[in-house]
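Asker: what follows is a predicted structure for the sequence shown.
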Amino acid sequence: MFSLSWRLFRSELRRGELSIIAAAIVLAVVSVWLFSSVSARIERAIVSQSSSFIAADRVLRSAHEIEIDLSAQANQRDLGYAEQLVFSSMLFANDDFKLASVKAVSSQYPLRGRLSISEQREVGEEREVKAPNIGEAWLAERLFYQMDLNVGDPIYIGDLQLKIAGRITQEPDAPFSVFMAAPRVIINIDDVEATGVVQPGSRLSYRYMFSGQPAALDGLGEWLKPQLQANQSYRDVSSGSSALAQALQKSEQFLLLAGLIGVLLAATAVAVASKLYGQRHYDSVAIFKVLGASRSQVRRIYIGHLSLVITVSIIVGLLLGLLLQVPIDSYVQQALNIEMADTGYRPLWLAALSGLVCGFGFSLPPLAQLFSIAPLRVIRREQEQKFQGKWQHLLVVAVAVFALLLLYSNSLVLSAILFGVGIAVVVMLLLLGRLFLFFSRKLSQSFGQSALKLAAASLQRNARDNAIQLIGFTIAIQLSLVVYVVQNDLIGQWQSQLPEGTPNHFVLNIDSDALPVVEQAFAAQGISDAPLYPMLRARLTSINDVDVAQGGDGVGEYVDPDDGKQQEQRRGVGRELNLSATLELPYRNEIQQGQWLTDTSQNSASVELEFAERLGLKMGDKLKFLSGNQNFEVTISSIRSLDWSTMQPNFYVILSPDVIEQLNVSYMSAFFLEQNQQVWLSELLNQVPTLIVIDVAAIIGQVNTVVGQISLAMRFVLVVVVLASLLVLLAQVQGSLEERRKQTVILRTIGASGALLRNAIFYEFFLLGAIAGLMAAISAQVIIALLQIWVLSMPLSINWMLWLVGPLSGGLLVAISGWLSTRSLLRLKPSQLVRQLG
């Protein structure tokens, strides 16, 4: 039987009869290969590029020293390795002392990013360095002003005297929490024991850092994670809740979405081609049966034939994908200015598996129909075939496609959204096709003798086939619209969260005496959009007169002191919080319940939504705080949501201004500073040494870089998706050529002119495309809305342009594709058409 399959395959290959099914499977394999490979490479490259902000590719954090020999584990996996220990200690110099955050590092630190120092107290030449020498220390800039120090001066940490060897100008894993008050001191890790400050019970943060190939890092993680305790974590730069981590998480979701769209588009192309594959072989199967072949023999012949088609198509697709990957990688690397990372064999086997699942899965119903063909088909060509078990086969196909989406994405939510909307669209379009009979009849009665009437009659006559065609048209247009909206609207919306002029410096610890000086300095520099927020630290002691446990929900759980938002979330109700008071609703804060504070508000507070949910707070609850030795009570008057990724001052609790009148507060602000204004900032620190200035320009720059890179990547995805969608449209049109050839013979024989037929075909395809475009716009809007709510955590927005672009572009694209594919029929004489039908 295989020899018959092989001869049939070679014969059809020579005649070009396998072009549609083969092209569809090749398209499936190439698109999945390219989407999975390019998306994964871009994602890994962006993460690798951003890893400089944690000074490594992976970091193991712990509240106590790890007993495992991690250095040996890193060497076994050919990974770079470094260690650091972070703790707070008093710094003594010039009969003065300050609380400092001491970071002790090993000789290989940093593994990623740039650590640089200057050997001058003020602005001067910088040089890139590794860890300091034993007996030396590097200090943050503000310590030089606060303690009147110079490079070369001695300082003391505990029992150890150290020499100041430089001023820190760039620290790759600098803390970006605006409430991290202690300035940084970097020393060699071998000096820690001599300080004598690390004692049992000391609050310590151990960090074990690794760099290398992603596969090796993931392997280390798989080995480590079962051994980790609750106060330990193994993470990369995309973990956590920082602005950069959120940007990386969103970039991963956008690229994943692009890949899933590629998988769906590939499945659609193969589904369309599989139907044509089955129809093309009706007569040949009937002839085999007339010649005495049994059903089992026919089954073996055509399963062997289909296996050859799929195998050869997959091999061609993989080779084509391999050839295209080189120039595409080069283009992406130059356009995004990134070093493309290796992705291993996953894109290879995923593309091959997609070809197998789509090829065999979508060919099951057509094959089953082939096996049921009666020999009478040879004589009565118009005979309709009865197919049992159709819905069972469709269920198998649906499960296979969903499994493929899930395998590709590892995201149940994202896969379910795309798959669920796709199923809903298919069902709606099948129902819509049934309505063609009614509406097209009405249309044909109202148009009189015209090309429109002929088009409406054709829609009526082929209502069932048109409904099937609509599915392919709609899915192809829908996926193009989704990528278009993602590239033009969602990424733009994401980018707008950090607009030009976003504050890149935070200044804290402004006391009442320094407030006029800071305000005057801001005015002199033209900094007008930098509101000054009063700030106080207070401990929540009771809720509705019920005492709060002083351990909070953070007891027993290590919280990294550099981790900003997560720090206060986990420290919980028994820890100190940073509160503020203002009558202006902060940027990107939205009231969810109640009313915002006014000048008549008394003893009131607005609390953040997630904070309220975590503590079970509701409107009208009474909160009692302790600040220093002063107690005060407030009533919740509003609950608000906020966007933590805006790089603006944000607070869990904002008080009405009357509450802080008798309390000790300092002030903070956030402002945008150009690079050439750094000298002014140094002068301000010299004038007011108690100020705490935190520079977040680097992280804002990297977030914007990530957004820009994803935007360019999605443009590439859009081009590929549109081209692939056009191929799907052409395949759909090709599938109807046989039926249209018969209709054209009849119409030309009874005297229909070429112009009438040409216009009728254009109108028919335009109506099909417009209906498909309208359904595509509706389903694309649903997909975008679900993605915004459930996946991307972005505010819901309606894109009204889709309702115009969808039907118009769908109608024109399908009409032009149909006209181009059928114009050769219109040039033939009726006698030639009859001979072609044979």
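Answerer: Perfect, thanks for sending it.
Asker: what's the burial count for S669?
Answerer: Counted by other C-beta atoms under 10 Å, the residues lying close to S669 total 20. The way it works is simple: take the backbone N, C-alpha and C, and place the C-beta from them, glycine included.
Asker: check D78 too.
Answerer: For D78, the neighbour count with other C-beta under 10 Å is 9.
Asker: from memory it sits against A215, does it?
Answerer: No. Using C-beta atoms under 8 Å, D78 makes no contact with A215, being 10.7 Å away.
Asker: in the protein, which helix or strand is least confident?
Answerer: Within the chain, no helix or strand scores below helix 564-571, which has a mean of 39 by mean pLDDT, DSSP states H and E.
Asker: beyond it, next helix or strand please.
Answerer: Downstream of helix 564-571, the first helix or strand assigned by DSSP states H and E is strand 576-581.
Asker: which residues are contacting that next one?
Answerer: Identification of contacts with strand 576-581 by C-beta atoms under 8 Å, 6 or more residues apart in numbering yields 179, 533-540, 568, 625, 627, 649, 651-657, 659-660, 665.
Asker: these in strands, which ones?
Answerer: Of the positions in those, 533-540, 625, 627, 653-655 sit in strands, assigned by DSSP state E.
Asker: may I have stretch 772-787 as CSV, with CA atoms only?
Answerer: Only the C-alpha atoms of stretch 772-787 are listed here, as CSV (Å, rounded to 0.1, in the frame of the first residue of the first chain):
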residue,chain,number,x,y,z
ALA,A,772,-15.9,38.7,8.0
GLY,A,773,-14.2,42.1,8.8
LEU,A,774,-17.1,43.1,11.0
MET,A,775,-17.0,39.9,12.9
ALA,A,776,-13.2,40.1,13.1
ALA,A,777,-13.5,43.7,14.6
ILE,A,778,-16.0,42.5,17.2
SER,A,779,-14.0,39.4,18.2
ALA,A,780,-10.7,41.4,18.1
GLN,A,781,-12.2,44.0,20.5
VAL,A,782,-13.3,41.2,22.8
ILE,A,783,-9.8,39.6,22.8
ILE,A,784,-8.2,43.0,23.4
ALA,A,785,-10.5,43.8,26.3
LEU,A,786,-9.9,40.4,27.9
LEU,A,787,-6.1,40.8,27.5
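Asker: in it, what counts as buried?
Answerer: Residues of stretch 772-787 classed as buried by neighbour count (16 or more other C-beta atoms under 10 Å): 772-784, 786-787.
Asker: equivalent analysis for stretch 405-423, please.
Answerer: Going by neighbour count (16+ other C-beta under 10 Å), the buried part of stretch 405-423 is L405, L406, Y408, S409, S411, L414, S415, I417, L418, F419, V421, G422.
Asker: farthest pair in the residues you listed?
Answerer: Y408 and V421 (16.9 Å; C-beta to C-beta).
Asker: where does the stretch 1-150 of the chain dip in pLDDT?
Answerer: Applying pLDDT under 70 to the stretch 1-150 of the chain picks out residues 1-2, 13-18, 123-124.
Asker: now the strands for it?
Answerer: Using DSSP state E, counting those that start in this stretch, the strands of the stretch 1-150 of the chain run over 58-62, 80-93, 96-105, 116-118, 126-128, 136-139.
Asker: now, of the ones you listed, which is deepest in the fold?
Answerer: strand 136-139 (a mean of 24; mean count of other C-beta atoms under 10 Å).
Asker: partner strands of it, parallel or antiparallel?
Answerer: strand 160-170 (parallel), strand 184-188 (antiparallel) (DSSP bridges).
Asker: contacting residues for T690?
Answerer: T690 is in contact with Q146, N509, D511, A514, counting by C-beta under 8 Å, 6+ apart.
Asker: could you redo the last one with a cut-off of 10 Å?
Answerer: Neighbour list for T690: R142, Y145, Q146, L508, N509, I510, D511, D513, A514, S666 [criterion: C-beta atoms under 10 Å, 6 or more residues apart in numbering].
Asker: can I get the buried part of these as one PyMOL selection?
Answerer: Remark: buried members of those, expressed as a PyMOL selection using 16+ other C-beta under 10 Å:
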select buried, resi 142+145+146+508+509+510+514+666
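Asker: nearest to L324, of the contacts of T690?
Answerer: Distances from L324 to the contacts of T690, taken as C-beta to C-beta, are shortest for L508 (52.4 Å).
Asker: shaky segments in the stretch 251-400 of the chain?
Answerer: For the stretch 251-400 of the chain, the ranges with pLDDT under 70 are 251-260, 262-263, 265-266, 335-343, 373-393.
Asker: how does the protein divide into domains?
Answerer: The chain breaks down into these domains under automatic domain parsing: 1-55+237-410, 58-235, 411-503+696-838, 528-671.
Asker: columns distance to T690 on top of those domains, output as CSV?
Answerer: Listed next are the domains of the chain as CSV, based on distance: least, C-beta to C-beta, whole Å:
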stretch, distance to T690
domain 1-55+237-410, 27
domain 58-235, 7
domain 411-503+696-838, 20
domain 528-671, 9
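Asker: identify whichever of the ones you listed lies nearest to L684.
Answerer: Smallest distance to L684 across the domains of the chain (C-beta to C-beta): 9.7 Å, for domain 58-235.
Asker: distance to P366 added to the strands of the stretch 1-150 of the chain, as CSV?
Answerer: As requested, the strands of the stretch 1-150 of the chain are exported to CSV (distance: least, C-beta to C-beta, whole Å):
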stretch, distance to P366
strand 58-62, 49
strand 80-93, 55
strand 96-105, 65
strand 116-118, 65
strand 126-128, 64
strand 136-139, 71
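Asker: out of those, which comes closest to V272?
Answerer: Ranking these by proximity to V272 (C-beta to C-beta) places strand 58-62 first, at 44.4 Å.
Asker: what strands line up against the closest one, and which way round?
Answerer: strand 205-211 (antiparallel), strand 232-235 (antiparallel).
Asker: need the winner for burial among those strands.
Answerer: Neighbour counts (mean count of other C-beta under 10 Å) averaged over each of these peak at strand 205-211, with a mean of 23.
Asker: quick one: that strand to strand 80-93, angle?
Answerer: 140 degrees (axes from the mean of the first three to the mean of the last three C-alpha atoms, to 10 degrees).
Asker: quick one, helices of the stretch 1-150 of the chain?
Answerer: Taking DSSP state H, counting those that start in this stretch as the criterion, the stretch 1-150 of the chain contains helices spanning 2-15, 19-50, 70-76, 141-146.
Asker: export those to JSON lines and tack on distance to A269?
Answerer: Formatted as JSON lines, these follow (distance: least, C-beta to C-beta, whole Å):
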{"stretch": "helix 2-15", "distance to A269": "19"}
{"stretch": "helix 19-50", "distance to A269": "4"}
{"stretch": "helix 70-76", "distance to A269": "45"}
{"stretch": "helix 141-146", "distance to A269": "59"}
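Asker: point out the most buried one among the ones you listed.
Answerer: Of all these, helix 19-50 carries the top mean neighbour count, a mean of 24, counting by mean count of other C-beta under 10 Å.
Asker: any idea how far that helix is from the chain center?
Answerer: 16 Å (C-alpha atoms, centre = their mean, to the nearest Å).
Asker: give me the pLDDT for S793.
Answerer: Note on S793: pLDDT of 66.
Asker: burial count for the spatially closest residue to F144 that is not a sequence neighbour?
Answerer: Ranked by C-beta to C-beta, 6 or more residues apart in numbering and with sequence neighbours excluded, the top spatial neighbour of F144 is R121, at 5.0 Å. The tally of other residues near R121 (other C-beta under 10 Å) stands at 20.
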